[in-house]
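S.K.: Output the structure for:
(2 chains)
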Amino acid sequence: MTDTTSTSATPQLTPAELRTPMQRMLREALSRTSFKVGFGMFLALLFGALIYPEISSIDPTKMAVRSRHIPPLFLGEKWVWAHPLGTDHLGRDLLLRCLVGLRYSVMIGICTVILMFVVGCALGLISGFKGKLTDTIIMRITDAQLSIPMIILAITILGISRPTAPAIILVLGLAGWPLYARVARSAALAEKRKEYIKGQRVLGASDWRIITLFVAPAVLPPIAFVAVLDVAAIMIFESILGFIGLGIQPPTPTFGNIIADGRKYLINSWWIATMPGVFLLFTLTSLNLMGSAMENARNNVLKGAA
Amino acid sequence: MLSFLTRRLFQGAIVLLIVTFAIFTLLRVVPGDPARLIVGGMAPDEVVVQKAEELGLNDPIPVQFIRYLGDLAQGDLGNSFFRPKSGATVGAAAFDDPSRDERAEVRDLIFERIPLTLQLAGLAVVFALLMSFPLGVAAGLNPGRWQDKLAFFTGSVFVSIPNFWLGIVLAQLFSVQLGILPSLGYKGFEYTILPAFVLAVGISPFIIRTLSVSIAGVMQEEFINVAPLRGLRRARIVAAHAIRNASIPLLNLFGIQLGSLLGVLLVVELIFDYPGLGRLTINAVLQRDFPIIQGVAIFISAAFVFINIIVDLAASYIDPRLEY
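M.R.: As a prediction, the model looks like this:
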């Protein structure tokens, strides 16, 4: 009996039409080659970063004076299988150091984007939904924050306080929220005018109830969908900080500080600075391929809905 | 038009005030005593106390802030803590060394470096446009075909290249191995080429993407469809109609991306030891030269606000339908 009532309530809808926009975006993204390639690359790299340092008998920070400046596989004369990407000026294995660097980089990237997303979207939703004075105040603060380049803010704070992983996440997250606030605000503005929100108002729902139960679920998923691109951007940023010497401090390897170290040995051992860069380039390309595919998929779905 | 300008300028002034206050407070509450930094570690405590009194560092922060605003209104950004007027370093000099007296004015330090930074940024934008226009326009005209995929892929790879790493690799390749282009310091125009190229690689993905999306959109508009009926050649339709309309999102993008452009600029200048605003800033941060950091941050925010107003004006000039 229940079967017949439910089918008669929505008679002409095929399964494809019943999907929520989010499901449609995911399906659309998953069907793209660039997404599959990026996702595969990223999983492989992440898997390597999580597993290899654990099973390898080498310590990424241990120095071995005898095996200094060993070139990567098949390059030069004295390459060895034990060090596929070669070793640095202190005889530390570069592959291992890159993978450990990747762990930190991905961790910082993801945590920062989550922080940016939460702070930015919360402020943006409130600003767009409440309007009037609240809106003006929040948006002027957003403008002010947006007009201070993230890098100046980051190096000012990190140059003065001790750069640890939580400090970096906090600084980058707090410097990067304005863009999310703007997007969330304009989405909330559009959603606010819709009939069902007005209906909630008439029913006497409080602002908080409407924002958390109705506006946020409708507005946030498409924004979150393209956050992958920001993870890549933050990872570049983290490596820049490391390069200037304001990232996670040595001996913990990060892409930035490996490259900064390797820069001094460019003439003799070009691979020390080059390899981490190639590694980072692959990781970021995988993330960006994934992110752009998701962005395109989202735009297609949203265009179809409008 | 006039009311738009006054409104935007007023809003811009408020934004600047917030920025100034935020930076000012931030630099006052962080650890590190400016007076001690100025006179050096070897100075006796009385000298430090005297210096702090002289600089008014003992007053409450709001009082200091008002005083700073007063100076700012007269165009005075204060003096650097460390950089002397003559250009010689005072890093290790004793506290009573005469070279510690004459400090360079932050305003002069900034304005000396602006032409070089502008030259770098300008050349980079030219390179970026040269790289992205063919790719972006071709992709926009052929959505879904190989041109589109090529642009997509190039953009994804370019945006993934860490700029500081690219700088090192290119410097190694072109300056050390091939010896074609110089890459360290600044002694002539050719020193701008490599840094500008690295910057351009950083900006072009955004231009390619915006161009291809907006041209693909414009090409479906009715006025493009009927243009051949009016006897217009395709080249003219694309150049005069499609690209002109697609350039508005590009302008807006420029306004929004300006902040990240500056970020990349800073790093590129540092890598190539290019004596522009970026190197000044990073060195100031590493030395904790607060007046310079403060001055640069305020200057950049002002430029940001100002350029965004210009962008809006230019957009309404290109497309008169847009409201201010």
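S.K.: Give me the contact list for stretch A:52-69.
M.R.: A:80, A:82-83, A:86-93, A:95-97, A:99-100, A:103, A:251-253, A:265, A:268-269 (CB atoms under 8 Å, 6 or more residues apart in numbering or on different chains). C-beta: built from backbone N, CA, C; applies to glycine.
S.K.: switch the cut-off to 10 Å
M.R.: A:70, A:76, A:78, A:80, A:82-83, A:86-103, A:250-253, A:265, A:268-269, A:271-272 (CB atoms under 10 Å, 6 or more residues apart in numbering or on different chains).
S.K.: Next, the distance between the ends of that stretch.
M.R.: 22 Å (CA to CA, to the nearest Å).
S.K.: Centre of the chain to that stretch, how far?
M.R.: Centroid separation for stretch A:52-69 versus its chain: 29 Å, with CA atoms, centre = their mean, to the nearest Å.
S.K.: what comes up buried for the helix or strand hosting residue A:279?
M.R.: Element membership for residue A:279 (DSSP states H and E) is helix A:270-305. Of the residues in helix A:270-305, A:270-277, A:279-298, A:301 count as buried by neighbour count, 16 or more other CB atoms under 10 Å in any protein chain shown.
S.K.: Repeat that for stretch A:105-118.
M.R.: Here stretch A:105-118 shows A:105-106, A:108-113, A:115-117 as buried, counting by 16+ other CB under 10 Å.
S.K.: Quick one: mean pLDDT for it?
M.R.: Across stretch A:105-118, pLDDT averages out at 92.
S.K.: what does stretch A:250-258 give?
M.R.: For stretch A:250-258, the per-residue pLDDT averages 84.
S.K.: and that stretch, does that touch chain B?
M.R.: Yes. Counting by CB under 10 Å from any CB of the partner chain, chain B is contacted by stretch A:250-258 at A:255-256.
S.K.: measure that stretch end to end?
M.R.: 9 Å.
S.K.: how about it: buried residues?
M.R.: For stretch A:250-258, by 16+ other CB under 10 Å, it's A:252-258.
S.K.: all helices of the stretch 51-200 of chain B, in order?
M.R.: B:61-73, B:106-141, B:146-160, B:163-170, B:193-218 (DSSP state H, counting those that start in this stretch).
S.K.: and the shortest one, what does it pack onto?
M.R.: When you say that, I think you mean helix B:163-170. Applying 3 or more CB pairs under 10 Å, 6 or more residues apart in numbering or on different chains; DSSP states H and E, we find helix B:163-170 packed against helix A:227-244, helix A:255-262, helix A:270-305, helix B:193-218, helix B:243-271.
S.K.: Next, format the ones you listed as TSV and append distance to residue A:23.
M.R.: Formatted as TSV, the helices and strands packed on helix B:163-170 follow (distance: least, CB to CB, whole Å):
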stretch	distance to residue A:23
helix A:227-244	18
helix A:255-262	36
helix A:270-305	10
helix B:193-218	24
helix B:243-271	30
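S.K.: out of the ones you listed, nearest to residue A:21?
M.R.: Closest approach to residue A:21 among these (CB to CB): helix A:270-305, 5.7 Å.
S.K.: okay, and for chain A, where does confidence drop off?
M.R.: A:1-18, A:60, A:64-67, A:73-77, A:79, A:81-82, A:304-306 (pLDDT under 70).
S.K.: Thank you kindly, that will do.
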